[in-house]
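K.L.:
Provided below are the primary sequence and the corresponding predicted coordinates.
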Amino acid sequence: MNGFSQATQEMAQIVPQAVDYIRLLPEIVLSIFGMIVMIVDPLLDERRSQRTLGTIALVGSLATLGAVLFQAQYPGLAFWNMVQVDAFSIFFHFLVAAVTAVVILTSYEYMEVQEIRAGEYYGLILFGAVGMSLMSSAVELVLIFIALEISSISTYILAGFRRRSATSSEASVKYFLLGSFATAFFLYGVALMFGATGSTSIQVIGDVLRSGQIPLLAYVGVALMFVGLGFKVAAAPFHVWTPDVYEGAPSPVVGFMSTAPKAAVFAVLLRIMFEAHAPGRTALIWVAAALSMTLGNIGALVQDNVKRLLAYSSIAHAGYLLVAFAALPDNGIPAAMFYTASYAAMNVGAFAVISHFGSAGERYVTLEDYSGLGRRSPLLAATLTIFLLSLIGIPITGGFFAKFYVFSAALQANLVGLVIIGVLNSAIGAYYYLRIIVVMYMREPRGEIQVSPVPAGLGAALAISLATTIYLGILPGRVLQYAAQTASAWMR
Amino acid sequence: MNTALDTSILTLVTLIPLAGALFLLFFPRRDRDIRLFALVLTLLDFVVSLHLPVYFQRGQTGFQYELNRAWIPTPNIHYHMGVDGISMWLVVLTTFLTPLCVVISWKSIQDRVKEFFILLLVLETALIGVFVSLDLFLFYFFWEATLIPMALLIGMYGHGRRVYAAVKFFMYTMIASIFMLAAILWLYAKTGTFDFVTIQAAIRNGQVDSFAGAAQWLFLGFFLAFAVKVPLFPFHTWLPDAHVEAPTAGSVLLAGVLLKMGTYGMLRFNLGLFPDQSRSNAWWVMILALIGIIYGALVAMVQPNMKKLIAYSSISHLGFVVLGIFSFTTAGLDGATFVMLAHGVSTGALFMLAGILYERRHTYEITEFGGLATPMPVYATFFSFIVLASLGLPLLNGFVGEFLVLSGAFRDRAVYGVLGATGVIWSACYLLWMYQRVFFGKVTREVNQSLPDLSGRERAALWPAAAAALVMGVAPLLWLNAIDPAVQAVLAPFAQMASKAVGQ
């Protein structure tokens, strides 16, 4: 009976209300600005359009931040229970919009130095952000799938933007082929989940699975969805694409795609694993987390290309983050959310430095090239050092508390083995991040490399990332508390 | 005793150098001004830190100048600082040595001067922070924070194999501290607090769940981190490398203060939190300490490199400290604390002296020298004074501490005292032999004929150290009357144990 009356209510609601649009406002703002960029692009002189288009995109991302804050006052479901605005979605919307803004600031200089056409680039970043935002507020598996595709397709293309470089094309094609394959897995998982529970709504699935009987099909469905999502966050054993794609893709794009879409996919994973009460979660995550941490860190040990090194590091960090998913929801969820935020800050910052230092054609990306950076450009080197220390997990940086919360959440769930693997991995990790610091400060500079001065946009991007990293390292309380509230709101 | 200054003094002392470092960050690269600024700032910090011993309530046990504020709600971290008689003097030692480091680096650091002094100041803040933190988390934070500036100082300003030494130093100590972090987290999980005093009380009252089973592991977790830092045999291999490659100021702070973090940690945390386990593990710790004393001394004897010799002598001296701590006697602990301070002053001075020679000849090889007393008489005098202080001549600072430690060790078990006492003999051997080879006889190398004697600046760096060595030797009570109540407080549970044992 209850289902019937709910259905009639929905029937009466065929036309979306105004509040429905507010609950989709960030996505709408992003799309509008994306279209403005596309429309304005052909009207401008190609050589001088980069700055203008970048500014439009930047304004768009800032407007989105505003829209997110505005939207926060209207929590609830929209569009026939497919979209849910709650503190959780606000958290990730804000994160995605902030990362987008910082990446656009980083791209200003990059576009000019690399001579990249800006119209499509900024458009795709904004459209990608639409998908990522939508992922964190969608509570319906099919809509999640659509959002995932919007985000993925943009990043596939963005990865290939260094058109003169063969590695970039390779990155794009590789990412596209493997990515489509992975999304198919996800879709298959969704279909099986529907077969097992009769619904694609996360809430309904959660209710069915909590009610006791868990059909075998649900296990398979969860596993297949995890394959698809695990690919997107570069978790082992679905990580093989990462180093090649990160090496080939433009550095600001790597900064973007290693943080914003990852955060969004982690949001989806949180919803599926916790709100939908996915069965078989702990075992699945345990294996993936242990593998990611270990393979990522060991792989990074032997890298000489800084972008590849950070690619492996991002695999390892996906592993640390997954540890939180194996923990109990009440402290695992806030730990995971905190981790995504602090990882976003430090990684976007690190790639901003890398994209600036790379110069035209991203020539300088090997460890050797960084020799003596501490002498030639002390401020840039010091900034990168702080990001790297944060990636190691040294106190006073966000990376420390991120690891701290994740591991203590795992300890509270008695996952001692996983924590030991994680801590040992952190020690291994320290070594290769240190290699970069050592090279920067303790080797003599190589003569031919000129480091150009840092332009204002990049400076702002670095300042924001740096301030966030240190803020999260000194006063992590507020962000963690916010994350904890959101988690408790939808944990029943 | 509760004025605003008293509660904020520790924060001031800790943060003045950091504030200076931040200021220097935006300072133009005028090297001379940067040096002057660093000197004034570190001197200021020293003067401010003198407030601590001057207004210290000597008869009182417990922590003084306490400040306890909530900092981060989850996890429950407090900004809790305070000192007792032990940590207070270590703070003053740090603020005393840092201006000397600035003076001694005046000329030897010509490249990247700004970065050097920024790192030095950050290091000072971190070192002081270690000694004043009463929140385990805060302690761990400062503990790790010392690593980065020190590793960078070695790696950026060191000699030949500096990168190797810096990375080795960093990895060694960082990996060991992870075990300490694990132990700290375990305590937090069971007690819900990082506060040292609260945790200590909870352990003593038996309020910590499943403590009995975990205590041995917790003890080892803390101990490993501290043993690497001390360094206790067999964890000592990073130290000679680090010392030989480090710039003079780095060596001074490394030997003078950084190593004491390890012995201080044992005293405060191993004995303070786990008295039973300290007791039951004491036998092998004592043996390792004795091996360190004798092995360090023997290896020092055969070193052709002056700096390496001093480095190994540090291993030997720090062995005394550990021996004293794990004797669980008042004399032993008093002595251990005093050796920490005395060793800081005299070995700091020895490294400065070695650095002065290096500036002139760019080598530490003992065979490169000989007969230096002729061209450099003042230098030779300072050197002999410090050597005598270091090897424990009565009325100089080395003697008091070693004597107390040995008397404590004797009381614990005579054989420990006997073996430890040989260390005193060894140290006389290697130091005097080194002195003889470097200073006496004819000048063997032509270049050494015309070596300039000490400049005014170098004397300014050495005088305070020499004066401190003398005062500490003549009037040790000035130090010991503050140290003793703190030591009594540390030993209180041991006395109870002993009386229980007697009662049975």
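P.N.:
Noted; the coordinates are in hand.
K.L.:
Once you drop chain neighbours, what's closest to residue B:168?
P.N.:
Nearest residue to residue B:168, sequence neighbours excluded (CB to CB, 6 or more residues apart in numbering or on different chains): residue B:238, at 5.1 Å. The way it works is simple: take the backbone N, C-alpha and C, and place the C-beta from them, glycine included.
K.L.:
Make sure residue A:300 is actually in contact with residue A:429.
P.N.:
Yes - Residue A:300 is in contact with residue A:429 according to CB atoms under 8 Å; the separation is 7.3 Å.
K.L.:
Can you check which residues contact both of the two?
P.N.:
A:313, A:316 (CB atoms under 8 Å, 6 or more residues apart in numbering or on different chains).
K.L.:
From what I see, residue B:38 and residue B:20 are in contact.
P.N.:
Yes - the criterion here is CB under 8 Å, and residue B:38 meets it with residue B:20 at 7.0 Å.
K.L.:
Report the set of residues contacting both of those two.
P.N.:
Going by CB under 8 Å, 6+ apart, residues that sit against residue B:38 and also against residue B:20 are residue B:121.
K.L.:
which SSE is residue 343 in?
P.N.:
This is for chain A. With elements taken from DSSP states H and E, the one containing residue A:343 is helix A:329-358.
K.L.:
wait, I meant chain B there
P.N.:
Take DSSP H and E as the rule and residue B:343 turns out to sit in helix B:330-361.
K.L.:
which secondary structure elements does that helix contact?
P.N.:
helix B:85-108, helix B:248-253, helix B:259-265, helix B:306-325, helix B:377-391, helix B:397-412, helix B:456-474, helix B:477-503 (3 or more CB pairs under 8 Å, 6 or more residues apart in numbering or on different chains; DSSP states H and E).
K.L.:
Mind checking the ones you listed for the one nearest to residue A:191?
P.N.:
helix B:259-265 (58.3 Å; CB to CB).
K.L.:
Quick one: list the elements packing against the helix or strand just after that closest one.
P.N.:
As assigned by DSSP H and E, the chain's next helix or strand after helix B:259-265 is helix B:271-273. Secondary-structure packing of helix B:271-273 (3+ CB pairs under 8 Å, 6+ apart): helix B:196-204, helix B:477-503.
K.L.:
So which of these has the densest surroundings on average?
P.N.:
Highest mean neighbour count among those (mean count of other CB atoms under 10 Å in any protein chain shown): helix B:196-204, with a mean of 18.
K.L.:
And the next helix or strand past that one?
P.N.:
Toward the C-terminus, helix B:196-204 is succeeded by helix B:211-229 as the next helix or strand (DSSP H and E).
K.L.:
Might you report the residue contacts of residue B:144?
P.N.:
Residues in contact with residue B:144 (CB under 8 Å, 6+ apart) are A:394-395, B:174, B:177.
K.L.:
from the residues you listed, which is closest to residue B:97?
P.N.:
Of all the contacts of residue B:144, residue B:177 has the smallest distance to residue B:97: 23.0 Å, by CB to CB.
K.L.:
Find the helix or strand that the closest one is a member of.
P.N.:
Residue-wise, residue B:177 maps onto helix B:162-191 under DSSP H and E.
K.L.:
Check the offset of that helix from the chain's centre.
P.N.:
Relative to its chain's centre, helix B:162-191 lies at 18 Å (CA atoms, centre = their mean, to the nearest Å).
K.L.:
circling back: could you tell me the least trusted of the helices and strands packed on helix B:271-273?
P.N.:
For those, the weakest mean pLDDT is recorded on helix B:477-503, namely a mean of 79.
K.L.:
got the angle for that one vs helix B:456-474?
P.N.:
Orientation of helix B:477-503 against helix B:456-474 (axes from the mean of the first three to the mean of the last three CA atoms, to 10 degrees) gives an angle of 40 degrees.
K.L.:
Against which helices or strands is helix B:477-503 packed?
P.N.:
Packing contacts for helix B:477-503, counted by 3+ CB pairs under 8 Å, 6+ apart, involve helix B:85-108, helix B:271-273, helix B:275-301, helix B:330-361.
K.L.:
Compute the inter-axis angle for the third one and helix B:196-204.
P.N.:
Right, the one you point to is helix B:275-301. Taking the same axes, to 10 degrees, one finds helix B:275-301 and helix B:196-204 inclined to each other by 120 degrees.
K.L.:
So for helix B:275-301, mean pLDDT?
P.N.:
91.
K.L.:
Wasn't residue B:81 part of a helix?
P.N.:
No - assignment of residue B:81 by DSSP: H, G, I helix; E, B strand; the rest coil gives strand, placing it outside any helix.
K.L.:
who touches the residue of the stretch 251-400 of chain B found nearest chain A in this structure?
P.N.:
At 15.4 Å from chain A, residue B:261 is the closest residue in the stretch 251-400 of chain B, using CB to the nearest CB. Listed by CB under 8 Å, 6+ apart, the contact set of residue B:261 reads B:127, B:130-131, B:143, B:146, B:226, B:229.
K.L.:
which parts of the lengthiest helix in chain A are buried?
P.N.:
For chain A, the helix with the greatest residue count under DSSP state H is helix A:166-197. Buried positions in helix A:166-197, judged by neighbour count with 16 or more other CB atoms under 10 Å in any protein chain shown: A:167-172, A:174-176, A:178-179, A:182-183, A:185-194, A:196-197.
K.L.:
Remind me what it packs against, helices and strands.
P.N.:
helix A:141-159, helix A:202-210, helix A:216-232, helix A:242-248.
K.L.:
doesn't residue A:329 make contact with residue A:282?
P.N.:
No - assessed by CB under 8 Å, residue A:282 is found out of contact with residue A:329, at 11.7 Å.
K.L.:
Could you report the neighbour count for residue A:316?
P.N.:
Look at residue A:316: counted by other CB atoms under 10 Å in any protein chain shown, it has 28 neighbours.
K.L.:
Who are the contact partners of it?
P.N.:
Contact analysis of residue A:316 by CB under 8 Å, 6+ apart lists A:292-293, A:296-297, A:300, A:425, A:429.
K.L.:
swap in residue A:482?
P.N.:
Residues near residue A:482 by CB under 8 Å, 6+ apart: A:87, A:91.
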